[in-house]
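**Student:** My questions are about this predicted structure, shown below with the sequence.
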Amino acid sequence: MYDVLIIGGGVIGCSMAHELAKYQLKIILLEKGLDVCEATSMANSAIVHSGYDPLPNTLHATLNVEGNKMMDQVCHDLDVEFQRIGSLTLAFNDEEVATLNDLIKRGQQNGVPVELWDKEKILKEEPCINNGVKKALFAPTCGIVNPFELTIALMENAMDNGAELALNHEVTKIKKVKDHFEVTCANKKVFEAKIVVNAAGLFSGKIAEMIGNKDIVIRPRKGEYYVLDHFEAPFIHHTLFPCPTNKGKGVLVTPTTHGNYLVGPSSEYTFDAGDVATDSNDLAIIKTKANAMVNNIPFNQMIRVFAGDRAVPQTASGDFIVEEDKNNPNFYHAAGIQSPGLASSLAIANRLRELMEKHNKFSLNKNYVPTRRPLIRLNKKSIEERQKLIAKNPKLGKIICRCEIVSEGEIVDIIHRNCGATTIKGVKKRVRPGFGKCQGGFCEALVLHILARELHQDLLDIDYGAPGSYILLKKTKEEGEH
Amino acid sequence: MKEYDIIIIGGGSAGLAAAITAYDEGIKNILIIEKEKYLGGILNQCIHTGFGVHEFKELMSGPEYAERFITQLESRKIPYLLETVVLSIDENKNVYYSSEKEGYQVVHTKAIILAAGCMERNRGAIAIPGDRCSGVMTAGIAQRYLNIDGYLVGKRVFILGSGDIGLIMARRMTLEGAKVLGVAELMPYSNGLTRNIVQCLNDFDIPLYLSHTITKTVGKGRLEQIEISAVDKNFQPIKGTEKTFDVDTLLLSIGLVPYNDLLDAFHLQSNPKTKGAIVNESLETFCPGVFSCGNVLHVHDLVDYVTREGRKAGHNAVRYVKGELHHEQAEIKIVAGKGLGYIVPNYLQPSNLEDKLTLNFRVVTPYSDKKLIVKLNGTIIKSVFRPHMLPAEMETMDIPKDLITVSSGELSVEVEGA
């Protein structure tokens, strides 16, 4: 019997595991994919929003602002890349300037530091912005985070403190039995838990339905992006937003924590929660919108496009659903976590834990370790430090990925950690081989061999990412055959 | 710090030729740095025949071709490092490399020859619409899995792009028992060598869809289906022309791009057409003593030409080390005129010319029975008749030194009437 069972290994589920691992609780997280951070948490703008934008007194506003503040400490403790680079929301006409003035007031109500910049200041700080700009709202607390690293580190730390993770476990049935729940998976395994958290993202409506709650309806809304390569001289330094409309925050242009750039997203409802197909027309529209805001975006340095689905709740307010199920005590929902979900993730977990403590008594885990062993990050080391590390572990000298400069030693390290990589994409999300301009052309085969060797699996059994995403079909010749 | 006269980055066909030439011309303090387990570069996975027609007047496989040069290298005892990756080079010609055996090292050299080859354009670079499933991969990586590792990647295959690797893989996978359902090419003509169209597609009844592209990929885990559409003059898909194929593999053979990242640190402008370095007649970049040759400079279609360019880089690196190369202000700009996609080299310092200037270029569209015209400051200095010219086939032309009568201005090559 588990004390807590969490459904879904996105940033919300993993934040929950991380939060609860501070207490003496037996915790398990079930994830249907072959890794955590596989859907919405993987494919988004990677922005920790400041919180000036949501309507005051909504969960969006309070949890965003609270979650933003929590990010420094957690990222420090868990060695996650996070930089407060600040955002600029740009107004190009009088109507948009009026909107900015409203947003400034809203930001002040939400307790978020905001400043109004004039054209001269904007172009001084960001010379690439289109000359037609009139004013900008500067929000210094807006940050960029590596969303894979954050989600994985939260789970790794939870596991370091005793939580369990079951991958490839898709929940198909939930049954309330007296004082606990019976959770059945597609692979027929059954888990019992006193408390269940529904953090199933795009599928949280489906999970809610399993315990008879039909009020939570989630529709996926797709966002498509361009990824540009990193290059020597950065062309922008802040996250740049257009003026928001009732349709959302619009197409942004932002650096990432690795010096890449994201341009997007589009925003269109889709019917299939797994639909992350990209579309040429949508991408062309993004390009037009971004080019109207920023000059000379180096689209010739594009290395990839991708799409992610946001979990949009079908409610009047569209606010987060963070609550205990009305008919099932000890069943908690964190549903409809669309933007600013990443920024709010830590606060959402905190809020749910507070709700749980209303009628559950948790005692602190005295052996709790708040930090995670730092990643090796060879690239950030001096020549001397590098040489010392390689002397101890020669595999750190062997470079597997030339684009992102990743060594075999670093790959082996992240395979054998708690919440370690089991797929090519899992390795990519953790230490970046395949993220560069060759997109795995040079390193994919090498990573495949390392995974098979370290996990004691056949090459044929290693997947790219999702279940069934094999790379090799069959061996052409058996031993001794010619 | 260890000191070298010449460091060659890349032990493939360009690097091997450069090293042997440099050694034979008297510079013995050489080091080749190769990232793979073996010398030979991409030749090692090219087990088909067709290499060496010009160089050895015979047809051989990639590994056989490489072996000839590796033997020459070994007999000269030219040192090389394997499984070693160069992380960066700097203006002072320090080379920073890393390997399991030696760790992270910095060495200094008088001259550097960049010969690290190219990479394949991939799914990301052309933004193929559709699902992010596995089974969409470059033809080269599938070739590596098949020929080096001994694994077949799929059993029902479609190929996007009629580049040579794609064509070779169509045949290779068919021979291994896979069904290749077709090849789609965006352009109205093939981008591969004619012999490969005949021997790899026609001989196996594999259809080639010209002026077509992929408009959708479908698959949750592995690829399940693709959709292709015909394209109009502007390469935009035409509605109503969609065809679907149930396949588990989509191979991309959509072009090669020089892997020129080491030069990025110098903030040197690269040639926007080739994506390789901008070089002079001696294959020297804007950084004196740093040379570029082979596929890292511009993509070649025949290895024989890569070898020839490697030799030239080796020869000129020796001249540089011996202080025989000039770096003057005055230079002649070399430009690709009408009908040409690109030209290499990009500028000429006439005082460095020994007997001739060698120009390599590609045409933008197929031409037959056309004259190539070379103009120096507007005056025609040479014209050559070419019965057939294809974008897939690199053209080459030598200009005798005595035709270069000025020391500045512009030299252009164009297709007459283009």
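**Tutor:** Alright, I've got the coordinates.
**Student:** Tell me if stretch A:299-314 is near chain B.
**Tutor:** Yes - Stretch A:299-314 reaches chain B (Cβ under 8 Å from any Cβ of the partner chain) through A:302, A:303, A:304, A:305, A:306. Glycine gets a C-beta too; all of them are placed from N, C-alpha and C.
**Student:** In PyMOL, select just the buried ones from those residues.
**Tutor:** Those of those that count as buried under 16 or more other Cβ atoms under 10 Å in any protein chain shown are selected in PyMOL with:
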select buried, chain A and resi 302+303+304+305+306
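**Student:** Which single one of the residues of stretch A:299-314 next to chain B is nearest to residue A:273?
**Tutor:** residue A:306 (16.2 Å; Cβ to Cβ).
**Student:** contacting residues around the closest one?
**Tutor:** A:43, A:224, A:225, A:227, A:276, A:278, B:132 (Cβ atoms under 8 Å, 6 or more residues apart in numbering or on different chains).
**Student:** For the first one, identify the helix or strand it belongs to.
**Tutor:** Assigned by DSSP states H and E, residue A:43 belongs to no helix or strand.
**Student:** Assess the claim that it and residue A:307 are in contact.
**Tutor:** Yes - if you go by Cβ atoms under 8 Å, residue A:43 and residue A:307 touch, sitting 6.5 Å apart.
**Student:** Overlap in contacts, these two.
**Tutor:** Joint contacts of residue A:43 and residue A:307 (Cβ under 8 Å, 6+ apart) are A:223, A:225, A:276.
**Student:** Which residue is the nearest non-sequential neighbour of the first one?
**Tutor:** With Cβ to Cβ, 6 or more residues apart in numbering or on different chains as the criterion, residue A:223 has its nearest non-adjacent residue at 2.8 Å, and that residue is residue A:265.
**Student:** what do you get for the second one?
**Tutor:** In this structure, residue A:225 finds its nearest non-sequential neighbour in residue A:264, 3.2 Å apart by Cβ to Cβ, 6+ apart.
**Student:** for the last one, same thing?
**Tutor:** Taking Cβ to Cβ, 6+ apart as the measure, residue A:276 lies nearest to residue A:307, with 4.4 Å between them; neighbours along the chain are not counted.
**Student:** Look at the one you found and report its pLDDT.
**Tutor:** Turning to residue A:307, the model gives it a pLDDT of 92.
**Student:** State the number of residues packed around the residue nearest to residue A:75 when sequence neighbours are not counted.
**Tutor:** In space, and not counting its chain neighbours, residue A:75 is closest to residue A:82: 3.8 Å by Cβ to Cβ, 6+ apart. Applying other Cβ atoms under 10 Å in any protein chain shown, we find 19 residues neighbouring residue A:82.
**Student:** Contacts only, for residue A:82.
**Tutor:** A:48, A:71, A:72, A:75, A:143, A:144, A:145, A:146, A:150, A:257.
**Student:** mind running it again at 6 Å?
**Tutor:** Contact partners of residue A:82, counting by Cβ atoms under 6 Å, 6 or more residues apart in numbering or on different chains, are A:71, A:75, A:143, A:145.
**Student:** and if you look at residue B:174?
**Tutor:** Here residue B:174 is in contact with B:180, B:204 (criterion: Cβ under 6 Å, 6+ apart).
**Student:** name the element it belongs to?
**Tutor:** helix B:164-175.
**Student:** follow-up on the earlier one: the residue nearest to residue A:276: neighbour count?
**Tutor:** Neighbours of residue A:307 under the rule other Cβ under 10 Å: 25.
**Student:** Spell out the secondary structure type for it.
**Tutor:** What DSSP: H, G, I helix; E, B strand; the rest coil gives for residue A:307 is strand.
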